[in-house]
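structure for this input, please:
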Amino acid sequence: MTIFNSKQERIRFLKFAFVGVTGTIVDFGLMNLFSLVFNVPLVWAQVLSFSIAVINNFLWNRFWTYPDSRAKAAHFQLLQFALINVVGISIRTPLISWLDTRILKLLSSRQLSLPLKDNIISQNVALAISIGVVMLWNYFANRYWTYSDVSAEKSGPVDGPPAEPPTVEPGKE
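Numbering: from 1, shown residues only. Alright, predicted model coming up:
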């Protein structure tokens, strides 16, 4: 079961990626709202925004990307999904802080005239890089653990209707 040799898996990966885009929009929007409007420290702002984005992504993945994943109860899948994301945020939290510091130092040393403040740029670039790293972890961990009950074989309307069984003419069996 790989995204390279299964049309079904490629479609699932694209759906997972699209869901990730919606989660990213939620994540970026809320992180900026919390940190820039409500002055929540960056690490806490991204923990909150990440948590809300995880709930968004779980719901979309459960009902759209993997609608045939019903062998496991929703609460059990949510727990698995959440555990994978706890590992993800454990990767992301120190990474975003480290990247933000490095990017901010780089921007400050260049003294560029940019339309946004250096800290806004550094926080968002750090978040984008962190999201990319964690997305790879999330996809593979969720596909092989949370949604392990879903076959990589053709199923449902994603690949079209099932093929008609061959007909046998009378007397030619």
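
return the distance of the longest helix seen in the chain from the chain's centre.
Criterion DSSP state H: the longest helix present in the chain is helix 74-110. Computed by Cα atoms, centre = their mean, to the nearest Å, the separation of helix 74-110 from the middle of its chain amounts to 12 Å.

going forward, count from 26.
Let's use 26 as the start, then, which means that last one is helix 99-135.

how far off centre is the helix or strand following that helix?
Counting by DSSP states H and E, the element after helix 99-135 in chain order, helix or strand, is helix 143-166. Averaging C-alpha positions (Cα atoms, centre = their mean) puts helix 143-166 11 Å from its chain's average.

by contact count, what packs against helix 143-166?
Here helix 143-166 touches helix 32-57, helix 99-135, going by 3 or more Cβ pairs under 8 Å, 6 or more residues apart in numbering; DSSP states H and E. Where C-beta positions appear, they are placed from N, C-alpha and C, glycine not excepted.

mind putting these into TSV with distance to Asp174, mean pLDDT and mean neighbour count?
Shown next, in TSV, are those (distance: least, Cβ to Cβ, whole Å; pLDDT from 0 to 100; neighbours: other Cβ atoms under 10 Å):
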stretch	distance to Asp174	mean pLDDT	mean neighbour count
helix 32-57	13	90	17
helix 99-135	9	92	16
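
nearest to Asn64, of the ones you listed?
When those are compared by Cβ to Cβ, helix 32-57 sits nearest Asn64, at 11.9 Å.

distance from the chain centre to the closest one, please.
5 Å.

residues contacting the spatially most central residue of the chain?
Computing the C-alpha centroid of the chain and ranking residues by Cα atoms, centre = their mean puts Gly45 first, at 3.7 Å. Shown in contact with Gly45 (Cβ atoms under 8 Å, 6 or more residues apart in numbering): Asn82, Ile156, Met160, Asn163.

cool, Lys97 as well?
Lys97 touches Gln105, Thr171, Asp174, counting by Cβ under 8 Å, 6+ apart.

what is the nearest of these to Gly54?
Nearest member of those to Gly54, counting by Cβ to Cβ, is Thr171, at 25.3 Å.

once you drop chain neighbours, what's closest to the closest one?
Closest residue to Thr171 apart from its sequence neighbours, by Cβ to Cβ, 6 or more residues apart in numbering: Gln105 at 4.2 Å.

next one: the one you found relative to Gly113, how far apart?
13 Å (Cβ to Cβ, to the nearest Å).

look up the closest residue to Leu103, ignoring the ones flanking it.
Phe83 (5.8 Å).

just the pLDDT for the one you found.
Per-residue pLDDT puts Phe83 at 94.
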